[in-house]
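>>> Coordinates for the following, if possible.
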Amino acid sequence: MIELQKIDFPSDCTVIHHEFYTYDPLNTFNEKHSLEFLDEDLLQCTFEEDNMTIDLGWYGNTSTNKGEFKLQMIKDENWEIPFETIHSKSVDEIKSILIKVLHYYTSTEITEAFE
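Reported below is the predicted structural model:
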């Protein structure tokens, strides 16, 4: 069953958009599911204190399954030159990296889950 990813966002993180699902095109490719669950705007959140935006999307061709997840860290709204960009074809790997990035930028305890 494909569900929205369960992610514990830190309390100092503002979630702008969250449509990051458990669908894994690497292991269970389905063109219909790719069209429904993959796009360039999967997740975006901000850490106001650091002026950091975390942006996650899937980039590629959903019909041929040639693509990858891209996680970008945008400092000071500089979208032209991201602070860091990480690529992965694996939904599990990119989620793990996302969680590490969230933990890195937080200045508070993680207190609640966003579902």
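
>>> Need the per-residue pLDDT for the residue nearest to Ile54 when sequence neighbours are not counted.
Counting by CB to CB, 6 or more residues apart in numbering, Ile54 lies nearest to Cys45, which is 5.1 Å off, once chain neighbours are set aside. From N, CA and C alone the C-beta is placed, and that goes for glycine too. For Cys45, the pLDDT comes out at 98.

>>> ditto for the one 5 residues further on
According to the model's per-residue confidence, Asp50 sits at a pLDDT of 91.

>>> wouldn't it be in contact with Leu102 here?
No. Using CB atoms under 8 Å, Asp50 makes no contact with Leu102, being 11.8 Å away.

>>> so who does the residue nearest to Ile54 touch?
Phe9, Cys13, Thr14, Val15, Ile16, His18, Thr53, Ile54, Leu102 (CB atoms under 8 Å, 6 or more residues apart in numbering).

>>> Can you tell me which of these end up in helices?
Of the positions in the contacts of Cys45, Leu102 sit in helices, assigned by DSSP state H.

>>> did I read that right, Asp92 in a helix?
Yes. Membership of Asp92 in a helix is supported by DSSP: H, G, I helix; E, B strand; the rest coil.

>>> Neighbours of it, how many?
Here the number of neighbours of Asp92 (other CB atoms under 10 Å) works out to 12.

>>> what bridges to Gln44?
Using DSSP bridges, the beta-bridge partners of Gln44 come out as His17, Asp55.

>>> what's near enough to touch it?
If you count contacts by CB under 8 Å, 6+ apart, Gln44 has them with Val15, Ile16, His17, Thr53, Ile54, Asp55, Leu56.

>>> which stretches of this protein have low pLDDT?
Applying pLDDT under 70 to the chain flags residues 108-115.

>>> With adjacent residues omitted, what lies nearest to the residue nearest to the spatial centre of it?
With distances taken as CA atoms, centre = their mean, Leu56 lies nearest the centre of the chain, 3.3 Å away. Of all residues not flanking Leu56 in the chain, Leu43 sits nearest, at 4.1 Å (CB to CB, 6+ apart).
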